[in-house]
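K.L.:
Need the 3D shape of this:
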Amino acid sequence: MSLIKILTIIFFFSFRKHRKTTTTALIKLRTGTLFSLLNNKLHAVFDQPKQTFSLALAHSRHVFTRQWRRRRVTATLVSLHFSSPRRTSLLVNRRSFSVSATMASHSKKVLIPVAHGTEPFEAVVMIDVLRRGGADVTVASVENQVGVDACHGIKMVADTLLSDITDSVFDLIMLPGGLPGGETLKNCKALENMVKKQDADGRLNAAICCAPALALGTWGLLEGKKATCYPVFMEKLGATCATAVESRVEIDGRIVTSRGPGTTMEFSVALVEQLFGKEKAAEVSAPLVMRPNPGDEYTITELNQIKWSYENTPQILVPIADGSEEMEAVAIIDVLRRAKANVVVAALGNSLEVVASRKVKLVADVLLNEAEKNSYDLIVLPGGLGGAEAFASSEKLVNMLKKQAESNKPYGAVCASPALVFEPHGLLKGKKATAYPPMCNKLSDQSHIEHRVLVDGNLITSRGPGTSLECALAIVEKFYGREKGLQLSKATLV
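P.N.:
Numbering: from 1, shown residues only. The predicted structure is shown next:
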């Protein structure tokens, strides 16, 4: 049984005392973070997806499900006994992940360089999906600082500077696109040398959007290879002696290329398969709720149709918190800013920097305390278990959402947030909604849960990371019309 399947049946208990054994890992942290960390990290420790684990839970007072229903989930001690023939000690906390083990486990190492003007959705999806697969992903800035101003006003913080890791060896180097980020990557001599050595040593290189033409092609790595890229760069790609093809993802030997934002998830899953095999790729892709028909015209399901109005420019609030799903947050922000909406990204807590569910570091525009002073045409929440839990416990945000709903102004959520934020606070009363598939049993009305994007009057809900671009396009359509939505769908290759 895979770890992801095991996670769906874990019950969490709080302890007065615990018993220490040599085969017990003790984890103490908020339950939302626990779920996301387990999903993200445990596969990286155990390089055997079919390895069997048993859960030893002792000295419990209250079962987690009862605490959850009452919205009283707090710090929880969980004792995990791994029935492995090898002894492993594991300690996880909110901000760090450390492992000491007698078992040697090789984690595939992946480098993702970023720059000012990098396409944020491409970068974030690559990081997120590869980390879900168990890869040790390093996000490296080619700039002089770790903070990067990506496209569409989205700010990210890299793990390190590229200049500090030029001697490191990676199993895969993945280049995101975006302008001027793609040009900056092309002009980075240190990165060029690393990618060329990667190729000479027979290891994987990958690029998406403009990067196949601007970087890999310019560096002479595509000669005689089939490759694809963002449509407007196809002519330039052909000029690099590559055979330009229109595939959404193209694999030729140790070179993998792809087209743009809307193909990034397929691209990333393909690279999980290259590193870890088909079984792992299938395991990673299933929870993403990927499109069954990528490239087809996006659709939405709408009930009780009303006009979503605004003055001059739509004012949209996107709250984020530690544990928010970075793919969902960035998809919404990216697409709505492409549509020229005024999107305000507000962080819960006291810091603008947020550590998302797969450890991508995003920087908000303002704190929620500041954002609260203004009114919005739409408030939309990304998912992520830790983030949704934080949203649900924020009295300030919940009050803003209730006022939004009472004023018949649009509000929405993706993934876990409809079930964990809207449902317990009465924000779905009289409404049809959908949510992340394993969470749909928390919805009181499950009659329309199968829809990828569902609009019911002033409410929009969607299912997960793989539906987030469609959800963002549906919002564009509601404010600007179907033609604008289709235009952006074509531009992003959804």
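K.L.:
which residues touch the residue lying closest to Gly384 once chain neighbours are set aside?
P.N.:
Distances taken as C-beta to C-beta, 6 or more residues apart in numbering place Glu325 nearest to Gly384, at 3.5 Å, with adjacent residues excluded. No exception for glycine: its C-beta is placed from N, CA and C like everyone else's. Contact analysis of Glu325 by C-beta atoms under 8 Å, 6 or more residues apart in numbering lists 128, 356-357, 382-384, 387, 414-416, 465.
K.L.:
And the contacts of stretch 300-307?
P.N.:
Outside stretch 300-307, the residues touching it (C-beta under 8 Å, 6+ apart) are 408, 432, 448, 451, 453-458, 470, 474, 477.
K.L.:
buried residues in that stretch?
P.N.:
Under the neighbour-count criterion of 16 or more other C-beta atoms under 10 Å, stretch 300-307 has 300, 302 buried.
K.L.:
Compute the first-to-last residue distance for it.
P.N.:
15 Å (C-alpha to C-alpha, to the nearest Å).
K.L.:
do stretch 375-390 as well
P.N.:
OK, stretch 375-390 end separation, C-alpha to C-alpha: 21 Å.
K.L.:
Next, the spatially most central residue of the chain: secondary structure please.
P.N.:
The centroid of the chain falls nearest to Met327 when counting by C-alpha atoms, centre = their mean (2.9 Å). Assigned by DSSP: H, G, I helix; E, B strand; the rest coil, the conformation of Met327 is helix.
K.L.:
residues contacting it?
P.N.:
121, 124-125, 128, 265, 465, 468.
K.L.:
repeat for Gly238
P.N.:
Ala244.
K.L.:
what does Lys361 give?
P.N.:
Applying C-beta under 8 Å, 6+ apart, the residues contacting Lys361 are 156-158, 353-355.
K.L.:
pLDDT below threshold where in the stretch 101-250 of the chain?
P.N.:
101-106 (pLDDT under 70).
K.L.:
Include distance to Gln145 when you put the contacts of stretch 300-307 into JSON lines, please.
P.N.:
Shown next, in JSON lines, are these (distance: C-beta to C-beta, whole Å):
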{"residue": "Asn408", "distance to Gln145": "45"}
{"residue": "Lys432", "distance to Gln145": "46"}
{"residue": "His448", "distance to Gln145": "46"}
{"residue": "His451", "distance to Gln145": "43"}
{"residue": "Val453", "distance to Gln145": "38"}
{"residue": "Leu454", "distance to Gln145": "42"}
{"residue": "Val455", "distance to Gln145": "41"}
{"residue": "Asp456", "distance to Gln145": "44"}
{"residue": "Gly457", "distance to Gln145": "45"}
{"residue": "Asn458", "distance to Gln145": "42"}
{"residue": "Glu470", "distance to Gln145": "35"}
{"residue": "Ala474", "distance to Gln145": "36"}
{"residue": "Glu477", "distance to Gln145": "38"}
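K.L.:
Of those residues, which belong to strands?
P.N.:
Using DSSP state E to define strands, the subset of the contacts of stretch 300-307 located there is 453-456.
K.L.:
Please report how far the residue nearest to Ser247 when sequence neighbours are not counted lies from Val110.
P.N.:
Nearest in space to Ser247, with sequence neighbours left out and distances taken as C-beta to C-beta, 6+ apart, is Thr228 at 5.1 Å. The gap separating Thr228 from Val110 is 21 Å, by C-beta to C-beta, to the nearest Å.
K.L.:
Comparing the two, which shows the higher neighbour count?
P.N.:
A direct count of neighbours by other C-beta atoms under 10 Å for Thr228 and Val110 places Thr228 higher, at 29 against 25.
K.L.:
Can you name the two of the contacts of Lys361 that sit furthest apart?
P.N.:
Pairwise distances across the contacts of Lys361 (C-beta to C-beta) peak at 14.8 Å, for the pair Ala158 and Val354.
K.L.:
is Met174 in a bridge, and if so with what?
P.N.:
Ala206 (DSSP bridges).
K.L.:
Let me know whether it touches Ile112 as I believe.
P.N.:
Yes: using C-beta atoms under 8 Å, Met174 is in contact with Ile112, at 5.0 Å.
K.L.:
Please identify every residue contacting each of those two.
P.N.:
126, 130.
K.L.:
got the phi/psi numbers for the residue nearest to Gly384?
P.N.:
Glu325 adopts backbone torsions of phi -80, psi 110, taken as degrees, to the nearest 10.
K.L.:
And the contacts of Met327, which is closest to Arg337?
P.N.:
Phe121 (11.0 Å).
K.L.:
On the three-state scheme, the closest one is what?
P.N.:
Classification of Phe121 by three-state DSSP places it in helix.
K.L.:
Would you check that it makes contact with Val330?
P.N.:
Yes: Phe121 sits in contact with Val330 when judged by C-beta under 8 Å, with a separation of 5.2 Å.
K.L.:
quick one on the thing from earlier: output the contacts of Lys361 in JSON lines; the columns should cover distance to Leu222.
P.N.:
Listed next are those as JSON lines, based on distance: C-beta to C-beta, whole Å:
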{"residue": "Met156", "distance to Leu222": "28"}
{"residue": "Val157", "distance to Leu222": "31"}
{"residue": "Ala158", "distance to Leu222": "26"}
{"residue": "Glu353", "distance to Leu222": "37"}
{"residue": "Val354", "distance to Leu222": "37"}
{"residue": "Val355", "distance to Leu222": "36"}
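K.L.:
Can you select the buried ones among these for me in ChimeraX?
P.N.:
Command for ChimeraX that selects the buried part of the contacts of Lys361, burial taken from 16+ other C-beta under 10 Å:
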select :156,157,158,354,355
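K.L.:
residues in contact with the residue nearest to Ile208 when sequence neighbours are not counted?
P.N.:
In space, and not counting its chain neighbours, Ile208 is closest to Ser258: 4.3 Å by C-beta to C-beta, 6+ apart. Applying C-beta under 8 Å, 6+ apart to Ser258 gives the contacts 206-209, 228, 248-250, 264, 266-267, 270.
K.L.:
returning to what we had before: tell me the contacts of the residue nearest to Ser247?
P.N.:
212, 234, 237, 244-250, 257-259 are the contacts of Thr228 under C-beta under 8 Å, 6+ apart.
K.L.:
which of those residues has the most neighbours?
P.N.:
If you rank the contacts of Thr228 by neighbour count (other C-beta under 10 Å), Pro212 sits at the top with 36 neighbours.
K.L.:
I'd guessed it sits against Pro231; true?
P.N.:
No: at 12.0 Å, Pro212 does not count as touching Pro231 under the criterion of C-beta under 8 Å.
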